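S.K.: Here is my input, please return the structure:
(one chain, ligands or ions: 2)
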Amino acid sequence: MNHNNLQPSLQVMFPLPLKAVVIDLDGTLLDTAQDLALAANEMLQALSMDTLPAATIQTFIGKGVPKLVKRTLTNSLDGEPDPALFAQALPIYERCYAKHLHVHTRPYPGVVDGLNQLRQDGYRLVCITNKAEAFTLPLLRATGLLDYFELVLSGDSLPRKKPDPLPLLHACKHFGITPDAALLIGDSLNDAIAARAAGCHIFCVPYGYNEGRDVHELDCDAVVDSILDASKLIVHQA
Ligand SMILES: O=C(O)COP(=O)(O)O
Ligand SMILES: [Mg+2]
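M.R.: Numbers count the residues shown, from 1 in each chain. Ligands and ions are numbered 1, 2, ... in the order given. Below is the predicted model:
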């Protein structure tokens, strides 16, 4: 099977036989960037610091809340702020984001149709995100997506988050399946590394964040335009 807008890797045979589909949140299920940027800029203002363009803050998304705050404070991907400033800033950011959790946040096109298709096809559905649980669950609930997922693992649910394979391996163990029966659909390097390390399949969507990099640089089995398109490249294995 091949479509003009899909780029299946040559090494895997499509459709992939699978039991579980794991989906990333920020940049894959939900377009959260505007609300994240709003909160980050409100934090900067509260600290009497200059605000940043939303497009810049979008490149800081991917490695969880503390990392987003560090990157925002230093305006750089690898910056380490003064520990006292960081300690002051983190709770401010958390308060601001809780306030703006779903002002602009919406599911991307193809997400709801894709989830309905995957549910109808019989897959176990999991959401694995680096977002903190205090934000993940209310956001999935508010956007109507929570009930699709049998399991939701957030950035602080387990001792390690993506790119570590632990959340994916935990989900596979939870369902009693081998990693190669699971597919992760994500938008970033963190997803691709985690999936490869766990031995799961990985598809990437091109519309997400990937810390400002082109998703086509990633080692994935396919780049798919939407969750609905992903459902066309896989087959449920009973
Ligand atoms: O919270 C983040 O930084 C990214 O979260 P994600 O894993 O859902 O993309
Ligand atoms: Mg993401």
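S.K.: on contacts alone, who are the packing partners of the host helix or strand of Leu118?
M.R.: Using DSSP states H and E, Leu118 sits within helix 111-121. Helix 111-121 sits against strand 124-128, helix 227-231, with contacts defined as 3 or more C-beta pairs under 8 Å, 6 or more residues apart in numbering; DSSP states H and E. In short, each C-beta sits where N, CA and C put it, glycine included.
S.K.: List the buried residues in that helix.
M.R.: For helix 111-121, burial by neighbour count (16 or more other C-beta atoms under 10 Å) applies to 111-112, 114-115, 117-119.
S.K.: circling back: can the helices and strands packed on helix 111-121 go into a markdown table with extra columns for distance to ligand 1 and mean neighbour count?
M.R.: Shown next, in a markdown table, are the helices and strands packed on helix 111-121 (distance: least, C-beta to the nearest ligand atom, whole Å; neighbours: other C-beta atoms under 10 Å):
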| stretch | distance to ligand 1 | mean neighbour count |
| --- | --- | --- |
| strand 124-128 | 7 | 23 |
| helix 227-231 | 14 | 22 |
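S.K.: Which of these sits closest to ligand 2?
M.R.: Taking C-beta to the ion, strand 124-128 is the member of the helices and strands packed on helix 111-121 nearest to ligand 2, at 9.7 Å.
S.K.: Strand partners (parallel or antiparallel) of the closest one?
M.R.: Strand 124-128 has the following strand partners under DSSP bridges: strand 20-23 (parallel), strand 151-153 (parallel).
S.K.: could I get the ones you listed as TSV with distance to Ala87 and mean neighbour count?
M.R.: Below are the strands paired with strand 124-128 laid out as TSV (distance: least, C-beta to C-beta, whole Å; neighbours: other C-beta atoms under 10 Å):
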stretch	distance to Ala87	mean neighbour count
strand 20-23	33	26
strand 151-153	27	20
